[in-house]
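J.: build the 3D model from these lines:
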Amino acid sequence: MKTWLWIRKHWVALACIALMLPLAGCMREPESALRIGTNVWIGSEPLYLARELGHLNPEVVQLVEYPSASEVLRAFRNEAIDGMVISLDELFGLAVDGMQPRIILVVDVSHGADVVVGRPGMRSMTDLKGKPVAVESGALGAYVLSRALALNGMRASDVDVVHLESNEQPSAFVKGQVDGAVTFDPYRTQLLRAGATTLFDSTQIPGEIVDLVAVRATVLEKQPNAVQALLSGWFSALDYLKREPRDAARRMGIRQQTTGEQFLDALKGLHIPSREENLRMLGGPTPELAVTGRRLMALMQEEKLLRAPIEINEVLAPGPLASSPP
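T.: Below you'll find the model as predicted:
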């Protein structure tokens, strides 16, 4: 009798395990936090605003701030982060190197926010001839400088390029170590306060400087909920910026070490696409970003800033945005 009871007891246990195994196989592993790298840049601030307003759970989307765009790129290459805010030209470099970035959101299009500045009294790029110019070591600074020089009939050899991270440039300018800089806010404002004058800005190259949120290709499959949370938080922050611009700018300005008024003024140099604009830029039969991207890619290859072309449609990932609730 005892033997029968023992067999019956263990048979029931084995049967329960057998029933649970298929269910366990169907269960998705819990998603880890999506790590998004950013540098100090006004275009990234709505992400931090979303977090502050409670629209972006840090346990789901973790924002990791680096001192420069170069550090963000390095972190992505080293797999310390899953995604990042990055410019389109920088993304091309990652894609060529097989890093498989996928664009899920267009953050902004520069319209005056990226500039080249020089010493007081300088009036044009030609005044920088033979002078030391600070440029961040990432692709964006080199691209802006190359375009500014080319449009003024100059070459890279006409200036003395000094590689300095964006946060190091204002101090170097004040100390007289450089006479010009390729920069953006909040460092643009700091340089202007130090007496610098604007010699070139991105209004002269419309549509060429685009900032994006890109994630690793595997993230789209493994962390879809976190991707949706990021998109939802982003547009919630934009809605708040539209409803309460002064309070939103005050909050974002604190992190950028500017006043709310200064932050709003800096935002005038950016166009922030709506959800509908994003869908047109990333998806559809002819994505707008593919058109501008191919033109940018050709310019970069001409300037020897990109060693090979990529198929731009392969890096566009409109799916998460298209399936997210409005």
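
J.: how many residues are close by Thr197?
T.: Per other CB atoms under 10 Å, the neighbour tally for Thr197 reads 15. All C-beta atoms are positioned from the backbone trio N, CA, C, and that covers glycine.

J.: distance of the nearest residue to Ser236 once chain neighbours are set aside from Val219?
T.: Nearest in space to Ser236, with sequence neighbours left out and distances taken as CB to CB, 6 or more residues apart in numbering, is His55 at 4.0 Å. Here His55 is placed at a distance of 20 Å from Val219 (CB to CB, to the nearest Å).

J.: A strand includes the residue nearest to Ser236, no?
T.: No: under DSSP: H, G, I helix; E, B strand; the rest coil, His55 falls outside any strand and is assigned coil.

J.: count of neighbours near it?
T.: So His55, with other CB under 10 Å, has 19 neighbours.

J.: isn't it right up against Phe235?
T.: No: judged on CB atoms under 8 Å, His55 makes no contact with Phe235 at a distance of 9.0 Å.

J.: just to revisit the earlier point, so who does the residue nearest to Ser236 touch?
T.: By CB atoms under 8 Å, 6 or more residues apart in numbering, the contact set of His55 is Ser232, Gly233, Ser236, Ala237.

J.: Leu91 now?
T.: Pro101, Ile103, Leu212, Ala214, Val315.

J.: quick one: which of these is nearest Pro245?
T.: Leu212 (23.7 Å; CB to CB).

J.: got a list of what that closest one touches?
T.: Val85, Ile86, Ser87, Leu88, Leu91, Ile103, Leu105, Val106, Val107.

J.: pLDDT value on it, please?
T.: pLDDT, Leu212: 96.

J.: what pairs with the closest residue to it other than its chain neighbours across the strands?
T.: The spatial neighbour of Leu212 that comes closest, neighbours along the chain excluded (CB to CB, 6+ apart), is Ile103 at 4.9 Å. Beta-bridge partners recorded for Ile103 (DSSP bridges): Ala214, Leu316.

J.: ok, now how distant is Ile103 from Ser87?
T.: According to CB to CB, Ile103 and Ser87 sit 11 Å apart.

J.: can I take it that Thr198 is in a strand?
T.: Yes: assessed by three-state DSSP, Thr198 belongs to a strand.

J.: my guess is it contacts Leu192. True?
T.: Yes: using CB under 8 Å, Thr198 is in contact with Leu192, at 7.5 Å.

J.: between those two, which contacts overlap?
T.: Both Thr198 and Leu192 are in contact with Val117, where contact means CB under 8 Å, 6+ apart.

J.: could I get the average pLDDT for stretch 310-323?
T.: 95.

J.: and the contacts of that stretch?
T.: Counting by CB under 8 Å, 6+ apart, 91-92, 95-96, 101-105, 214-215, 220, 224, 227-228, 231, 275, 278-279, 282-284, 287, 289-290, 293-294, 297 sit against stretch 310-323.

J.: which among those residues count as buried?
T.: The neighbour count (16 or more other CB atoms under 10 Å) marks 91-92, 95, 101-105, 214-215, 227-228, 231, 278-279, 282-283, 287, 289-290, 293, 297 as buried among the contacts of stretch 310-323.

J.: which residues touch the spatially closest residue to Lys268 that is not a sequence neighbour?
T.: With CB to CB, 6+ apart as the criterion, Lys268 has its nearest non-adjacent residue at 7.2 Å, and that residue is Gly112. By CB under 8 Å, 6+ apart, Gly112 lies in contact with Asp201, Ser202, Thr203, Lys268, Gly269.

J.: tell me which helix or strand Gly112 sits in.
T.: Per DSSP states H and E: Gly112 is located in neither a helix nor a strand.

J.: shaky segments in this protein?
T.: 1-30, 138-139 (pLDDT under 70).

J.: domain map for the chain?
T.: Listed by automatic domain parsing, the domain ranges of the chain are 34-109+209-323, 115-204.

J.: all strands of the stretch 151-300 of the chain, in order?
T.: Along the stretch 151-300 of the chain, the stretches classed as strands by DSSP state E, counting those that start in this stretch are 160-163, 180-183, 197-201, 210-216, 270-271.

J.: which stretch among those strands comes nearest Leu34?
T.: Among the strands of the stretch 151-300 of the chain, strand 210-216 sits nearest to Leu34 (CB to CB), with 7.4 Å.

J.: buried stuff in stretch 198-215?
T.: For stretch 198-215, by 16+ other CB under 10 Å, it's 199-202, 205, 207-215.
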